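Asker: Need coordinates for the below:
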Amino acid sequence: MVTENEKFKKMTETPIPKLISRLAVPTILSMLVTSLYNMADTFFIGKISGTTEQVTSATASVAVVFSLMSVIQAVGFFFGHGSSNFISRALGRQDVESAETMATFGFVTSVFFGVIMCVLGLIFIKPLAYGLGSTDTILPYAVDYMKFILIGAPLMCGSLVLNNQMRFQGNAVYSMLGIISGAVLNVALDAFFILHMGMGTDGAGIATAIGQTVSFIVLYSGMRFGNNVKIKLTKYRFNSELMKEVFRGGLPALARQGLAGLATVSLNFVAKDYGGDVTIAVMGIVARVLAFFVSIILGFGQGFQPVCGYNYGAGKYSRVKEGFLFCIKTMEVIVVVLVVVLFVFSPYVIRAFSSDERIITLGSRALRIQCFLLLFVPTTSYTSMLLQTIGKALPSTILSMARQGFFFLPMVFLLPLVLDVNGLIMAQLVADILSFFLALFFISKEKRIFNAYQAEHPQ
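Answerer: Purely as a prediction, here's the structure:
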């Protein structure tokens with residue numbers, strides 16, 4: 001078993017490209033597989049039997065419920081990132097006891113909030129569905145799907161915390177296994193419940209809930225018995241100081257993911273006036289496709305975060321900057337290839353999710369426009385991750401809120417007034433361009449890291 005001293009040496013002395021690449025492979029796989037949850041549900045629901053209108057409404061229900069999942073994930077990421085940033089810095093200082101205390105606090109508190117969301121959501125499920133942007137025709141499908149997502153909320157929150165806590169300790173392989181086990185099962189059960197059993201959106205919801213349960217069990221077992229700081233449930237106490245640390249490290253993730261949910265809700269409401277169920281379905285499909293490719297970008301950045309936390313805690317600022325630049329340069333090359341592929345093959349991609357020609361035509365145009373946002377995501381995301389991991393909560397939170405909040409929300413309401421449905425399609429791209437320039441501004445302020453890097457890498 002690797003000791004904490006050996007892990008510390010690995011994280012602070014291994015060459016940066018080799019270390020980040022090794023850590024990024026399992027995190028990329030984890031993110032890719034996680035994105036399959038909603039993509040698989042969208043894909044298989046699009047294959048249910050019924051009229052074209054019924055299938056379109058069922059497909060749109062996934063887009064409606066996705067905003068709820070974003071809120072649940074926001075809570076999980078809040079406690080996961082908040083506790084994990086603290087843990088990585090504590091381990092960088094070789095303070096294992098504080099790391100274990102925070103691990104227990106973050107995990108238990110997140111599950112508690114998940115239970116609250118589950119209970120309140122089930123009580124007010126129909127008003128909640130309308131509040132998320134459902135139309136009358138989408139409602140029955142959304143309710144069937146949503147009730148199982150709510151039931152799985154506590155386990156989803158707990159799984160996200162456990163996944164992040166292991167990842168920030170440099171143990172990304174086991175966290176990957178936990179996420180993949182549930183996701184693979186979810187895809188298999190989608191096919192069985194929807195295609196074989198004919199259970200429709202009910203089947204998709206049940207498959208997702210079972211997948212989340214399996215992921216939770218695997219992740220908790222790994223955290224409890226593996227080479228990680230230990231979660232000790234008997235020692236849990238609500239601690240205001242620990243909660244402050246969670247806010248410090250987790251607020252950017254809460255803002256980012258929470259606003260992602262609000263952005264989806266806003267998009268659904270505006271889409272009602274520009275094509276109704278068809279447009280909601282299109283935007284949902286395009287969002288799932290792009291989320292799959294964004295997960296590659298985020299997964300690579302997550303390989304950087306534990307390196308950043310350890311080395312910043314150890315005062316090795318030049319390694320922090322080196323890792324940051326390595327991630328951006330490497331990912332931009334990959335992204336250019338992805339954009340070309342998506343632009344060329346967009347009609348075939350959309351056709352995989354729907355046979356409705358209205359969805360294929362509008363969806364192809366939307367994907368060709370929105371795929372260019374991938375060019376701006378690496379710099380914005382990695383800047384936010386850097387600021388969040390080193391404890392710069394305010395600029396990281398502002399940057400996180402900008403993409404889906406400060407910039408996107410005005411665009412999604414204003415651009416359609418001028419450009420009709422094309423304005424709705426372009427809103428996210430415009431928001432990403434503006435967020436890119438804001439990221440450049442914030443990273444230019446990190447003089448300590450920049451100067452340390454320059455001192456060791458003179459021109």
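Asker: going on from the one helix or strand Leu68 maps to, what's the next piece of helix or strand?
Answerer: Under DSSP states H and E, the secondary-structure element containing Leu68 is helix 52-92. Proceeding N to C from helix 52-92, the next assigned helix or strand is helix 96-123, under DSSP H and E.
Asker: Give the other helices and strands that that next one contacts.
Answerer: Secondary-structure packing of helix 96-123 (3 or more CB pairs under 8 Å, 6 or more residues apart in numbering; DSSP states H and E): helix 52-92, helix 139-151, helix 153-168, helix 240-271. Any C-beta I mention is one placed from the backbone N, CA and C, and that applies to glycine too.
Asker: in the next helix or strand after it, what's buried?
Answerer: Secondary structure here is assigned by DSSP H and E; on that basis, the next helix or strand after helix 96-123 toward the C-terminus is helix 125-131. Judged by neighbour count using 16 or more other CB atoms under 10 Å, the buried positions of helix 125-131 are Leu128, Ala129.
Asker: ok, back up a step: and the angle for the helix holding Leu68 with helix 139-151?
Answerer: Direction vectors for helix 52-92 and helix 139-151, defined by axes from the mean of the first three to the mean of the last three CA atoms, to 10 degrees, enclose an angle of 20 degrees.
Asker: returning to that earlier point: nearest to Val115, of the helices and strands packed on helix 96-123?
Answerer: Minimum separation from Val115 across the helices and strands packed on helix 96-123 (CB to CB) falls at helix 153-168, 4.9 Å.
Asker: Could you count how many residues lie near the residue nearest to Asn164 when sequence neighbours are not counted?
Answerer: Nearest-residue entry for Asn164: Gly80, 3.4 Å, with adjacent residues in sequence omitted and distances by CB to CB, 6 or more residues apart in numbering. By the measure other CB atoms under 10 Å, the count of residues near Gly80 is 29.
Asker: Looks like Gly80 contacts Val161 (just checking).
Answerer: Yes. Contact criterion CB atoms under 8 Å: Gly80 and Val161 qualify, at 4.2 Å.
Asker: Flag the shaky bits of this structure, pLDDT-wise.
Answerer: With pLDDT under 70 as the threshold, the chain has low-confidence stretches at 1-4, 37-38, 49, 170-172, 226-227, 447-459.
Asker: mind checking how far Leu91 is from Ile194?
Answerer: 44 Å (CB to CB, to the nearest Å).
Asker: wait, Cys157
Answerer: Summarising the geometry, the distance separating Cys157 from Ile194, computed by CB to CB, is 26 Å.
Asker: Comparing those two, which shows the higher neighbour count?
Answerer: A side-by-side neighbour count of Cys157 and Ile194, using other CB under 10 Å, places Cys157 first with 31 against 26.
Asker: Tell me if I'm right that the more buried one and Val75 touch.
Answerer: Yes. Here Cys157 reaches Val75: they are 5.3 Å apart, a contact under CB under 8 Å.
Asker: what do the two both touch?
Answerer: With contacts taken as CB atoms under 8 Å, 6 or more residues apart in numbering, Cys157 and Val75 have Ser110, Phe113, Gly114 as neighbours in common.
Asker: any residues in contact with both of Gly80 and Val161?
Answerer: Gly106, Ser110.
Asker: In contact with Gln328, which residues?
Answerer: Careful, residue 328 is Ile; it's not Gln. Contacts for Ile328 were tallied using CB under 8 Å, 6+ apart; they are Pro378, Thr379, Tyr382.
Asker: Need these in a markdown table (columns: secondary structure).
Answerer: Written out in a markdown table, the entries for the contacts of Ile328 read as follows (DSSP: H, G, I helix; E, B strand; the rest coil):
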| residue | secondary structure |
| --- | --- |
| Pro378 | helix |
| Thr379 | helix |
| Tyr382 | helix |
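Asker: so which of the residues you listed comes closest to Met411?
Answerer: Proximity of these to Met411 (CB to CB) peaks at Thr379, which lies at 19.3 Å.
Asker: Was I right to think the closest one contacts Phe436?
Answerer: Yes. In terms of CB under 8 Å, Thr379 counts as a neighbour of Phe436; the distance is 5.7 Å.
Asker: thinking again about what came up before, which among the shared contacts of Cys157 and Val75 gets closest to Ile206?
Answerer: Gly114 (18.2 Å).
Asker: Just give me the neighbour total for Glu53.
Answerer: Considering only other CB under 10 Å, Glu53 is surrounded by 12 other residues.
Asker: surely it meets Val278?
Answerer: No. Counting by CB under 8 Å, Glu53 stays clear of Val278, with 9.3 Å between them.
Asker: need the contact list for Ser221.
Answerer: Remark: with contacts taken as CB under 8 Å, 6+ apart, Ser221 is in contact with nothing.
Asker: for it, helix, strand, or coil?
Answerer: Assigned state for Ser221: helix (three-state reduction, three-state DSSP).
Asker: Looking at the helices and strands packed on helix 96-123, which one is packed in the most?
Answerer: Highest mean neighbour count among these (mean count of other CB atoms under 10 Å): helix 153-168, with a mean of 28.
Asker: Would you tell me what the next helix or strand after that helix is?
Answerer: On the C-terminal side of helix 153-168, the nearest following helix or strand under DSSP H and E is helix 172-190.
Asker: Now that following helix: buried residues?
Answerer: Using 16+ other CB under 10 Å as the test for burial, helix 172-190 gives 172-183, 185-187, 189-190.
Asker: Okay, Val349 and Ile390: tell me how far apart.
Answerer: The gap separating Val349 from Ile390 is 38 Å, by CB to CB.
Asker: between these two, who's got more neighbours?
Answerer: Ile390 (22 against 19).
Asker: Can you tell me the closest non-neighbouring residue to the more buried one?
Answerer: Tyr312 (4.8 Å).
Asker: That neighbour reaches Asn85, doesn't it?
Answerer: No. Checked against CB under 8 Å, the pair Tyr312 and Asn85 is beyond contact range at 9.9 Å.
Asker: Overlap of the contact sets of the two?
Answerer: Taking CB under 8 Å, 6+ apart as the contact definition, Tyr312 and Asn85 share the neighbouring residues Thr389.
Asker: my guess is Phe247 meets His81, correct?
Answerer: No. Shown here, Phe247 and His81 do not form a contact pair, counting by CB under 8 Å, at 10.8 Å.
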